[in-house]
Every structure is written in structure tokens, then in C-alpha cells.
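Student: starting from these lines, generate the structure:
(chains A and B)
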Amino acid sequence: MKKINLLHIIVVAFLLHSCSKDITDRSTEFPALQPASTDINAGTWRPILLTGPTEFPVAPPIATTVPDYIAQVNEIKSFQATITATEKKAVKYWSAGAVLRWNEIMRELVALHNLPPYQNPDGTYPAPNANNPLAYPTFPFANPPYAARAYAYVAAAQYDALVAAWHYKKLYNRAAPYTVDATVNSLIPKSDLPSYPSEDAVVIGVTTELLKLLFPGDQEYIQGKAEEHKRARIIAGANVRSDLEAGEALGKSVAQKFVTRARGDRAGTAGGNPTIWAQLETDCIARGEIPWISQESPKRPGMLVNFGKVKSFLFDSLTMVTSIRPPAPPSTSSQQFKDELAEVYSFSKNPTREQTRIAHFWADGVGTYTPPGHWNAIATEDFVKQNFSEVRWARNMGLLNMALMDAAIVCWDAKYFYFNPRPSQMDPRIKTITGLPNFPSYTSGHSTFSAAAATILGHIIPARATDYTNMAKEASESRIYGAIHYRSDCEKGAECGNRVGNFAIARARTDGAE
Amino acid sequence: MKKLLQKIIIGLLLLLLLKPATAQTDIDGVMMEKNALCIGPMAGYSSWKNYWEGTLKRDNLNLGKVSTTMYSIMGNYGITNKLNVLFGLPYIKTKVSAGQLKGMKGIQDLSFWIKYKAFSKKIGQGRLSLFAIGGYSFPVSDYTADFLPMSIGLESKNLSLRGMVDYQRGIWFGTASATYIRRSNIEIDRTAYYTTEMHYSNEVKMPDAASYNVRAGYRDKGAYAELVLDGWKTLGGFDITRNNMPFPSNEMNATRVGFNFKYPMPFLPQLAVTGNVMTTVAGRNVGQSTGFNAGIFYVLDLSKKEKMDADKSKK
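Tutor: Residues are numbered from 1 along each chain as shown, chains lettered A, B, ... in the order given. Reported below is the predicted structural model:
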């Protein structure tokens, strides 16, 4: 009898164990956007590339009394009469906000593409080709600088496009369909914001256009999201089709200014070539220092050696060299260097569980949305609680991501200007607790990104400033715990990042949004 | 005197705290008798150079040879002749021969099994036995699952149910079993991760798994020598993408073949040595691992001990 009981216990335990494994995903919990203010005067905010909000014209909307408009309202009513569970889910998903959701989509694309190409049989490495993005290695390799630049272009362009949209919204002042016709249900929170041109469609237009450049191999996925987004706005009763068409067209026009800038920002040649790679090593030796050597097998050229020459958003290249670039790292022959190397070895030798946790929490390495993506995720979860309007979302995401991109430029400039070796190159006993990045050590990218992000985010949400600073400090130190950076890399990187963040604050103070 | 010797041996074994091999005893047709405890240390080593990235077999010059060293202690106690409880606790250490990654080490998962011989009947020239085995394992240290292939385990709590049939005719036998493994979700050190889509959570949904095991060979008077075919398949999960890192919720399948033996010492039949070699012949998102284990087991008759204690207390 005893044995039978034991077996029963096992069976019962088994059944209990098999309860749902479903996971709560934080991104599905975001509430519908319900702005504290419509920011109705945002058409006067200072754009980034546009000469002004009227650079691209938007035709006046048709009257809400004409048959064409009434037909468009009937389209909403038809959808609402036969709404499906899938459509309801889409409405709920997109109601969290256009800037938010497209930022998430970008993070997903970055994670999908953040994979270093596998080597050729001869030990060289193939480069992804934007003109043939689906062939291996697929384009792009969305490494941290690439990702930072992609996030920044999209965020900055969304901001400019929405500033223009807000100008026309106020000018034309066409109410939302649920206001025009009381029999239209509003499936999302109602707003007094004029609905023409649709802010959601502006974001769709500007984002999809830029993503053709940045993620040319993912068009089916991106266009599918865009179609779902537009339908969700109609089904929700928030926009008629002409709101969407005007918004999407405006977004696409604004995108072209950013596409033109991107084509000329020198990112296309950031990978360098064998001559440049050799020169960096020669120059470092000429300065009497030990040059960085790739520790990958086969040796891989350093990641984006000329990314430091990419055109920044918040300052010019002269300012970067004179006011932001960090001083030289401790010489590899100095006592300070030896002390810092010994510190890294001590972390490598006996990592605690907590140090490993921190190293992995902030690693954001291969196959992830990168450190800039991590800071976008942090910002998103905080911005949700602030009830920003779409245009303010875009403005704040623009500031954050321009800071992150410029942080990448500043950091990559220092990395290849100084070409400093990694700890594990200088002491082969050092084994790493996280993946060793394939580029020079000084300064730490994580430290630069995180300090830049924390600085501008602390300005946007002052109540969280101390938290952001502490997070940035932990992200920075995570690289010493990971045994892949010296303390100087992290401290000087953070100082540079703070300087970059201050340029973003300077812009924030004068863009008219505060 | 014998009792003292037994105590010393147990004490030494517990002090040594050794690593678990693929626990044979929960998956064979042998039962411990009532009140008998079979316990002992095992040590093992396995390594791989090639692995399957999805279905693509490749090597990785930045890992070289990935090796795992294990020490474990295992035990099997007879509650009755038909009902046994078993346990295993391993310490695991991983290492790579190339690249920069540091290996990991630690005590992994504590496993328990209850093994019930539900049916045993002479059929034809041999004896057919049916078994039901329930198992549970859980991590006993806070190790890191999300750093494969350096991680020492996958961190899920596993509940398993196994049905097993054994047929012995003379000195020859065959055993076949099938197992379903319910795996709990795990928590990783990150707040977001990508599988085939983004997840904003530190919780990872682990696919359940199923396995089969077939073994046949010689078995007589506590000794055996057998050939083993073993298959493991996760019921779900996703492939490692090109040149990506592995992830705990990957689809992980492996087909392995091997040889096991147990040999009781003629001069002291309670003491036996065991050993096995296993190699992976097919897989998906796993290393093509080859390894061996060796163990020493001692059978203690605890009923005798009780009796001796009772005798002693009378004095």
C-alpha cells in the first residue's frame, strides 16, 4: 500500500508541476497611451534636420461633412461591427504608442542581426552587403555602433516628422472620427488632439522608409507591422483613412532628409580596409605602445575602425577631438597600467556570483539589442509612466538616441585613436566572464553609452537621475567584473559619455519643449 | 569491527562529495533489496570539439575543445524489495581549450528517484519485469544557466516519469524505457532576451523533453556488461542561428551509444566498480560529446546494522 501511495504522490506532483508555463512579458503590459498633455504647440519645437515644420506641405483635409469622409467613417463602423479577437489584440498592442512600438521593433531587428559573420575558408571574414542583404552574411551586422546609429536616425526622424505633423494638426484642427461621429466607438482612450495628419501614420511612414535603408532584408516583417498598425488605428476609431494617408506621406518625405544624411555620414566606409587596419597598428607602435591584437581565431579585423569618423548629431568633429576625446590611457609600461591589469586578473580569477550576475545583466552582447537597445528598453519602461504625448515620446527618444549614437562615435574614435590592448592580451591568465569584444580596450563602450544615456535621461526624468547614475556605474563596472576592461577604460569612458549627455541636455533646453 | 569499517567508508565517501554520471541505477532493471543501501562516488569526463548549430555540424576555433569534468555521489536504498529510492548529486566543472572564455564550476542539481517494480513474472524461459520510476531534480546552487556552453546546467527543476520493461533469460537481458521530463521555467540574469522574437522578462520558458533508453547484454550475480542506446529530445525549443551563442531553451536533441559495466570484487562482493563510455552519434544544438565515467559502490545492509545496534544496547 505504501508504494502505491508514493506513486500517487509522484503522479499528483507531476500534474501540479504541469501548470502553465506562460511568461508575463513586460511589453504586453503597457497601458494605452493617454497623454497628460496633447502638446498642441509642438509644431513650434526646434527640429533636427528640417528647416521648419512646413518644409514638406500637407494638403488641407476634406471636410467632415462630404461623402468621401462619411465613407471613411463607414469603413471604421464596418470594421468595428465584425471585429475579431486578433484585431482587438492588435488595437491593444498598438495603443501603447507608435514611437514605443516601433522602437521595440527596431530592438528586435537589432537582436536578430547582431551576429558576427562566420569566417571564410581562407580565414578572412566576409562583409555583409546592403545590396544583397539576404545572402550570408546577412545585412546588417547590427553591432553596437551600427545599432546606435540606426536607433538615432529613426528616433530623430520620428521627432522631426512629428513636429511637422503637430504643426499641421493645429493648423487644420480636424477632430478624431469618434468626435465627429458619436456612433463611432473609441477602442482606445479619447484625445482632443486633432487627428489629421495621423501621428501614428507619420511614425509608420518615417520609420518604414528609414528601415529600408537600415534593415533592407526585413521588409516583409516591417511592412506587415506597418499594415497591422494602420488597420489598428482605423479599427480603434482613432483615424480615418485620409488621416493615415496624409500622415504616412509626410513621414516618408521627412525620412528622405534623414536618408540623405545617412548616405553621406561616412558610416558606409566605417569598416575600413586592410591598409587602414595595418596603419592603426603601425601608428600605435610608433608611439611606443603595444598595439591591440584581435584575440579571435582566425584574427578578425577590429569592429568598424572608422566609426569614430561618422558624422555626429550633437556636436561637430572638431569639438569631439578638442573637447570630448579622452586623454591617452595609462601607458602599457606604466605602474598604473600594471596595477589595473592586476585588478582585472583578480576579478577574472575568482568571480563572485554577484559579479557574474552584473557582468551578464549588462553584457548585451551577441544576439541582443546591444547596450544602446538596453537603454532604450530602460527609457521605454520609465517613459510609459510619464504619459508623454507621441511627439514628446519622439523628442525624448530622439535626445536619448542621438546621445547614444554620438557616444558610439566618441568611444570608437578613442578606441582606434589609442588602439589599446585588452587585458587578456596583456596577461594570458585572464579569462573572461563575458564575451570579449573584438576591438581595442580604451575606452569602454558600455561606460560611454551608459553615462551618456543616464545623463540625458536624468534630465528628462529628474526624479530618476540618481537611479540612472547608479545603473550607469554598474554597467560600467560590469566590464571590469567581466575581465574585459581596465578601470581607466571605464572611468574615462564614463566621463566622455557624460560630456556627450550634456550636449543632449543643451539641446533639450533650447528645443522649445521645456 | 566490520561496522566501524563501514562507518569509515561512508564518512569518507560523504566527505569526498563526488560528481554524478548519467545515473545508471534509475534506468536499469536491478533493484536493491530491502534495507540495503548501495552508495558510492563517481567521476567522469566528457568533451566535444564539434557541435550542431541547428542541424549544421561545425567546430569553433574560439572554443576549441569544450570539456566537462564531474564528480558525484550516488546512492540507492531499498525500502522494500520492490521499492527503491535513489539520489545523485554532482559537482561539475567546464573548460575550453581555446579562446578567452572562463569555465564555470559548482554543485549542480540534486536528483531523487523512486523506483517501483510493479510486475515480475516468469514468462517462457525468462523473467519479465515492469517498472515505474518517478524522478525529481533541482539546482542546489545558484549557478548560471545562461552562459552556454560554459554553464554547468540548465537550472530547470525537472519532474520525470519513466516506464521500463526488463526481460532476463539466463545471463542475458534486455531493458527498454521511455521517459517524459517536465521542465520548469528558469530565471536568467538578463531582463530581456531574443529567441525567435524578443522577450521582455527574465523568465525563460523551457520546453519539456522526452527520452528513450535501450540496453542489452550480460547480467549475473550483481555484475553486468551492456550496450546502450540512448535518445534525448526536447519537445520544442529553437535552433541556434548562424554563429550565435546557444541558449537554455534551444531545441537540444542527442542520440548516444555506449557501453556500461559493473563488476563486484570477488574478495568483497559488496564492493563493485562501475564504468561507462558514451558517445554522441547525432544531435541538434548540442556538442558531439564523448565521455566516460567510473565509480565505486559499496552495499551496506542497514538491517544488519539495526540488529547490531539493538544487540549493543542490550549489553
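Student: only C-alpha atoms for contact and neighbour calcs from this point on.
Tutor: OK.
Student: low-confidence ranges in the chain?
Tutor: If you meant another chain, say so; for now it's chain A. For chain A, the stretches flagged by pLDDT under 70 are A:1-19.
Student: can you look at chain B instead?
Tutor: Using pLDDT under 70, chain B drops low at B:1-25, B:304-315.
Student: and the helices in it?
Tutor: For chain B, the helices defined by DSSP state H cover B:2-16, B:302-314.
Student: residue of the stretch 151-300 of chain A nearest chain B, please.
Tutor: A:Ser297 (5.7 Å; Cα to the nearest Cα).
Student: wait, that residue touches B:Gly64, no?
Tutor: No - judged on Cα atoms under 8 Å, A:Ser297 makes no contact with B:Gly64 at a distance of 9.9 Å.
Student: which strands and helices sit next to the longest strand belonging to chain B?
Tutor: The strand that spans the most residues within chain B, counting by DSSP state E, is strand B:268-284. With contacts taken as 3 or more Cα pairs under 8 Å, 6 or more residues apart in numbering or on different chains; DSSP states H and E, strand B:268-284 sits against strand B:50-53, strand B:253-265, strand B:290-301.
Student: what sits up against that strand?
Tutor: B:51-55, B:239, B:251-265, B:288-300 (Cα atoms under 8 Å, 6 or more residues apart in numbering or on different chains).
Student: apply 7 Å and report the result again.
Tutor: Strand B:268-284 is contacted by residues B:52-55, B:252-265, B:288-299 when judged by Cα atoms under 7 Å, 6 or more residues apart in numbering or on different chains.
Student: apply the buried test to those and list what passes.
Tutor: Among the contacts of strand B:268-284, the ones that count as buried by 16 or more other Cα atoms under 10 Å in any protein chain shown are B:52-54, B:252-264, B:288-299.
Student: near chain B, which residues of the stretch 351-500 of chain A show up?
Tutor: Residues of the stretch 351-500 of chain A lying close to chain B (Cα under 7 Å from any Cα of the partner chain) are A:Arg357, A:His360, A:Phe361, A:Val366, A:Gly367, A:Thr368, A:Lys431, A:Thr432, A:Ile433, A:Thr434, A:Gly435.
Student: could you do chain A as well?
Tutor: Taking Cα under 7 Å from any Cα as the contact definition, chain A meets chain B at A:3, A:10, A:14, A:18, A:21, A:23-27, A:108, A:111, A:115-118, A:296-297, A:357, A:360-361, A:366-368, A:431-435.
Student: quick check: A:Gly501 touching A:His459?
Tutor: No - using Cα atoms under 7 Å, A:Gly501 is not in contact with A:His459, being 9.3 Å away.
Student: among those two, which residue is more densely surrounded?
Tutor: Between A:Gly501 and A:His459, counted using other Cα atoms under 10 Å in any protein chain shown, the more crowded position is A:Gly501 (32 against 18).
Student: check contacts around that one.
Tutor: Here A:Gly501 is in contact with A:Ala403, A:Ala452, A:Ala453, A:Thr455, A:Ile456 (criterion: Cα under 7 Å, 6+ apart).
Student: near chain A, which residues of chain B are found?
Tutor: Contact residues (Cα under 7 Å from any Cα) of chain B with chain A: B:61-62, B:83, B:99-102, B:134, B:159, B:182, B:185, B:189-190, B:193-194, B:197-201, B:203, B:205, B:243-244.
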